[in-house]
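*Asks:* Fold the following, please.
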Amino acid sequence: MAAVTHAAGTPARLHLPWKGLAPLVAAAVIALLPTPPGLAHSAWIYFALFVGVIVGLILEPIPAAAVGFIGIALAVGLNLVEKTPATSIQWGLSGFANDTVWLIFAAYMFAEGYEKTGLGRRIALALVAGLGKKTLGLGYAVALADLVLAPFTPSNTARSGGTIFPIVKNIPPLYGSEPGPTAKRIGSYLLYTALATTCVTSSMFLTALAPNLLAGAIAAKAVGVHISWMQWFVGFLPMGVLLFLAVPALVYILYPPEIKSGEAVVGWAREELTKMGKLTLNELLMGLLAVAALALWIGGGAFIGATAVALLVVSSMIVLGVLTWSDLLAHKQAWGVLVWFATLVALADGLNRVGFLPWFGKLTAGMLSGVSPALVVLALVAVFFLVHYLFASVTAQATALLPVFIVSAAALPGVPIVTVVLLLSFSLGLMGIISPYATGPSPIYFGSGYIKSGDFWRLGAILGAIFLVVLLVIGVPYVNLVTGARGSGRTNPDVNEHTFDAPGAIAVRLGWADRAGR
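*Replies:* Prediction:
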C-alpha cells in the first residue's frame, strides 16, 4: 500500500514502497515470459516465485523470516510443488525437519549460554588482552581459531556457529561496538571475517564440511574418481593458503573497522579479567559442555550427529541451570532465523522437485557441447558456483546438481574429468560466502545485527567473485598439473580407464592417489 505523510505547511506526498513492489514485479515479469523448452510451465511459475523471494531477501521490505514464510505459504497454498493439499503442506514444513536448521538454532543457544554465564566475556577479554593491540591481529586470531578446528569438525555450522561465533560475539562490546549505529566500530569486521574464514577452511580439508565427503562419494559412484584426504588437501593447498592469509586483510579493506588499534583497551581488558576473579560454577559448566560438544563434533561422527550433539548440550544447559526454558523462548532472534532458514531450505528443495534444477544442469551441459575442453572446465565450475544463489544448503546443491555436472562433463570429449571433479568439489565451501543463506553459519552471522543486509550481499558478491577467480585462475592449471591431466583429456598415462554402467559416465582412477596410498 502507498503511504501518505503530512508535513506542516506542505502538501501530502505519496511514497511508493518500491522495496515491497520489487519482489512482486520480478516474479510477475518472469512468470509472464514464455516457458523455456523442456521445462514444465508449473516449474517456470515456481521459479518466478523463488526469484521474487530472493529479491525480497535482498531488499528486505519486511524481515527476512517473513519473506521466506510468505514464499512458502504461497507455494503451499497454490500447490506449486506438490499437487495435493496434504503433500503440499508436508513439503512446506519439511525445512523444519532439516538438521542444519536446528543446529543453527542450537548455536544461538550456545551463544546465549556464553553470554549469560560470563564465560564468553572472559574469553573475549583474554583474547583482547593478548591480541587486541591491532584490530587486524584480532581478525587473524579469529581466522586461526577456525583453521585449527576445521580438519576435525565436518560441520562448519558447529565449528563456526557453535564454537567461534559465541566467543567472537563477546569481543565487540568491549570496544563499545554493539548492533546498530556502533556496529562498524569493530564488530562488523570481526564477525564477517569469521564467516569468510570458515568458507575458506571448509574447502581446505575433506573433513571440514560434510558436503565435501558427499562429493567424494558422488564422484566415486558417478565416474569412478576417488579422492583421498591428502589428495584433497594437496589439490586445494595453494588456493587455500592464499585465501586464508588474504581474507582478514581483504575484509579489513572492504569493510574497514572504525577502530584500528586499541592500546588502552588491552590494559583495560587485563584489569577487567582481574576484576572477574575465578571461574564461577556456571562458567565452568558452560565450558565443560562446550568442550564436550567440540569433542563429540570432532570424534563422535560415527555414532552421533552434529545436531544431536548440539541439542543434547542445550538440554544439559537447561537441566544444569546454565539456561532456563524462558531464555530459549525469549530469544526472538534464534526463532526468527529458524523460521527463515527452514522456509528457504524447503523453497530451494522445491526447485529440484519441480524439475527446474535437472533441466538447468542439462541445459548447461548441452550449451557446452563442442566448446573447447579448457573453456568447458571454466564454464562448469563458474556456473556451479553461481547457481548456489538458488540454494539454501550446500548439501542440497551437491546432491541435486553435482552428479549432473560431473556425468555431463565426463560425456564431453577431451574434458579432464578429474580436474572437473576436484574443482567442483573445492567450490562447495567457498560458495558459502555469496549470500546470507548460502551455508549453515551465514544466518547466524547475518542475524547477529552487526552486518547490514546490503553489506552482506555486497561483500558476498565481491568475495565470492574473488574466491571464484582464484579457484579458476590458480586452481585449473594447478589441479591439471598435480593430476597429470593433459589438454586433450583424461589424466596421466598410468591411469586405468573403464566404463561404468551409468550412461555416458567415464570411470577414472587417480594414478597419483594409488601411489600415495589411498
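*Asks:* okay, now G300: neighbour count?
*Replies:* Neighbour count for G300, taken as other CB atoms under 10 Å: 15. To be clear about C-beta, it is placed using only N, CA and C from the backbone, and glycine gets the same treatment.
*Asks:* so who does it touch?
*Replies:* By CB atoms under 8 Å, 6 or more residues apart in numbering, the contact set of G300 is V309.
*Asks:* try 10 Å this time
*Replies:* Residues near G300 by CB atoms under 10 Å, 6 or more residues apart in numbering: 292-293, 306, 308-309.
*Asks:* I'd like to know which of those residues are part of helices.
*Replies:* 292-293, 306, 308-309 (DSSP state H).
*Asks:* Among those, name the buried ones.
*Replies:* By neighbour count, with 16 or more other CB atoms under 10 Å, those hold 293, 306, 308-309 as buried.
*Asks:* hang on, the earlier thing: just send the ones in helices among the contacts of G300 back as CSV, with pLDDT and distance to P63 too.
*Replies:* Below are the ones in helices among the contacts of G300 laid out as CSV (pLDDT from 0 to 100; distance: CB to CB, whole Å):
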residue, pLDDT, distance to P63
A292, 89, 34
A293, 85, 30
A306, 80, 28
A308, 90, 30
V309, 88, 30
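*Asks:* got those residues as a markdown table, with distance to G464 columns?
*Replies:* Shown next, in a markdown table, are the ones in helices among the contacts of G300 (distance: CB to CB, whole Å):
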| residue | distance to G464 |
| --- | --- |
| A292 | 35 |
| A293 | 30 |
| A306 | 25 |
| A308 | 32 |
| V309 | 30 |
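*Asks:* from those, which is closest to M204?
*Replies:* A306 (18.7 Å; CB to CB).
*Asks:* Next one: V345 relative to T307, how far apart?
*Replies:* Between V345 and T307 the computed distance is 13 Å (CB to CB, to the nearest Å).
*Asks:* Between those two, tell me which one has more neighbours.
*Replies:* In this view V345 and T307 are compared by other CB under 10 Å, and V345 has more residues nearby, 25 against 20.
*Asks:* And the helix or strand hosting L357, what does it pack against?
*Replies:* Element membership of L357 [criterion: DSSP states H and E] is helix 356-367. When contacts are defined as 3 or more CB pairs under 10 Å, 6 or more residues apart in numbering; DSSP states H and E, helix 356-367 sits against helix 41-59, helix 332-353, helix 373-386, helix 394-400, helix 402-411.
*Asks:* one more time with 7 Å, if that's ok
*Replies:* Under the contact criterion of 3 or more CB pairs under 7 Å, 6 or more residues apart in numbering; DSSP states H and E, helix 356-367 touches helix 41-59, helix 402-411.
*Asks:* By mean pLDDT, show me the worst of those helices.
*Replies:* Note on the helices and strands packed on helix 356-367: helix 402-411 shows the lowest mean pLDDT, a mean of 81.
*Asks:* now whichever helix or strand comes after it, how far from the chain's geometric center?
*Replies:* Next along the chain after helix 402-411, taking DSSP H and E as the criterion, comes helix 417-430. Centroid separation for helix 417-430 versus its chain: 16 Å, with CA atoms, centre = their mean, to the nearest Å.
*Asks:* With stretch 214-226 instead?
*Replies:* Chain-centre distance of stretch 214-226: 22 Å, with CA atoms, centre = their mean.
*Asks:* And stretch 220-230, by the same measure?
*Replies:* 24 Å.
*Asks:* what bits of the stretch 1-150 of the chain have low per-residue confidence?
*Replies:* Residue ranges of the stretch 1-150 of the chain with pLDDT under 70: 1-16.
*Asks:* end-to-end on stretch 434-445?
*Replies:* Distance between the two ends of stretch 434-445: 13 Å, counting by CA to CA, to the nearest Å.
*Asks:* and it, what's its mean pLDDT?
*Replies:* Mean pLDDT, stretch 434-445: 90.
*Asks:* That one: which residues count as buried?
*Replies:* Residues 434-445 are the ones in stretch 434-445 that count as buried (16+ other CB under 10 Å).
*Asks:* how about the residues you listed, which pair is most distant?
*Replies:* Longest span within the buried residues of stretch 434-445, CB to CB: I434 and I444, 16.1 Å.
*Asks:* Run a quick neighbour tally on L422.
*Replies:* Other residues within reach of L422, judged by other CB under 10 Å, total 28.
*Asks:* just P358 next, same as before
*Replies:* 17.
*Asks:* which residues does it contact?
*Replies:* V404 (CB atoms under 7 Å, 6 or more residues apart in numbering).
*Asks:* what's the spacing between it and G20?
*Replies:* Distance check for P358 against G20: by CB to CB, it reads 33 Å.
*Asks:* any idea which helix or strand carries the nearest residue to G118 once chain neighbours are set aside?
*Replies:* Closest residue to G118 apart from its sequence neighbours, by CB to CB, 6 or more residues apart in numbering: E283 at 5.8 Å. Assigned by DSSP H and E, E283 belongs to helix 281-299.
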